[in-house]
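Asks: With the input below, show me the fold.
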Amino acid sequence: MREIYEHKVQYYETDKMGITHHSNYIRWMEEARVDFLEKAGWPFDKLEEMGIVSPVVSTACRYKIPTRFADTVRILVTADPFKGVKLKLRYIMTNAEGKTVCEAESEHCFLNREGFPVRLRKEFPAFYNALISLAEESSCSRK
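Replies: This next block holds a predicted model:
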């Protein structure tokens, strides 16, 4: 799956210097992650109905080129190999010229409504298998 999520930089996302404030890239990662899972057939509302929540465990961003109001940022999301506990996603954000503006990653775990870890392989095998497949597809697309 090589879907691209697009975000148009809003005026309120910029700072006094006229560039996008660094905190917004984390928000865009969230938008792209939700879109990525939805396009894979696993929208967040479906996961929550199943009793699965997926908090962020960690994030990292490497900013390359600033973006500004009205720029379109294209975000490619890929998944690292999934071993059943944490989902690690990578994000390549590019501008209209195709130049990388940010490289980022996020890690997510899976909990039930009470906040306890779920065993996806046993409790939600269809979702577990979908995450395995997404990681395999991502691995093939990076080659």
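Asks: Could you report the neighbour count for the residue nearest to L111 when sequence neighbours are not counted?
Replies: For L111, ignoring the flanking residues on the chain, the nearest one in space by C-beta to C-beta, 6 or more residues apart in numbering is V53 at 5.1 Å. For the C-beta atoms, the positions are set from N, CA and C on the backbone; glycine is no exception. V53 has 17 neighbours, counted by other C-beta atoms under 10 Å.
Asks: distance of V53 from C109?
Replies: V53 sits 9 Å away from C109, going by C-beta to C-beta, to the nearest Å.
Asks: now do I65
Replies: Computed as C-beta to C-beta, the I65 to C109 distance reads 32 Å.
Asks: All the strands of this structure, residue numbers only.
Replies: Here the chain has its strands, by DSSP state E, at 4-8, 56-63, 72-79, 87-94, 100-108.
Asks: Find me the pLDDT at A126, would you?
Replies: The model reports A126 with a pLDDT of 96.
Asks: and of the strands of the chain, who's closest to K122?
Replies: strand 87-94 (16.7 Å; C-beta to C-beta).
Asks: next one: the closest one to chain centre, how far?
Replies: 6 Å (C-alpha atoms, centre = their mean, to the nearest Å).
Asks: Neighbouring strands - and their directions - for it?
Replies: Partner strands for strand 87-94, per DSSP bridges, with pairing direction: strand 72-79 (antiparallel), strand 100-108 (antiparallel).
Asks: what comes up buried for the first one?
Replies: Taking 16 or more other C-beta atoms under 10 Å as the basis for neighbour counts, the residues of strand 72-79 that come out buried are 73-79.
Asks: Point out the other helices and strands that the lowest-mean-pLDDT helix or strand in the chain packs with.
Replies: Within the chain, confidence by mean pLDDT, DSSP states H and E is lowest for helix 125-142 among all helices and strands, at a mean of 87. Using 3 or more C-beta pairs under 8 Å, 6 or more residues apart in numbering; DSSP states H and E, the elements in contact with helix 125-142 are strand 72-79, helix 120-123.
Asks: Fine by me, thanks again.
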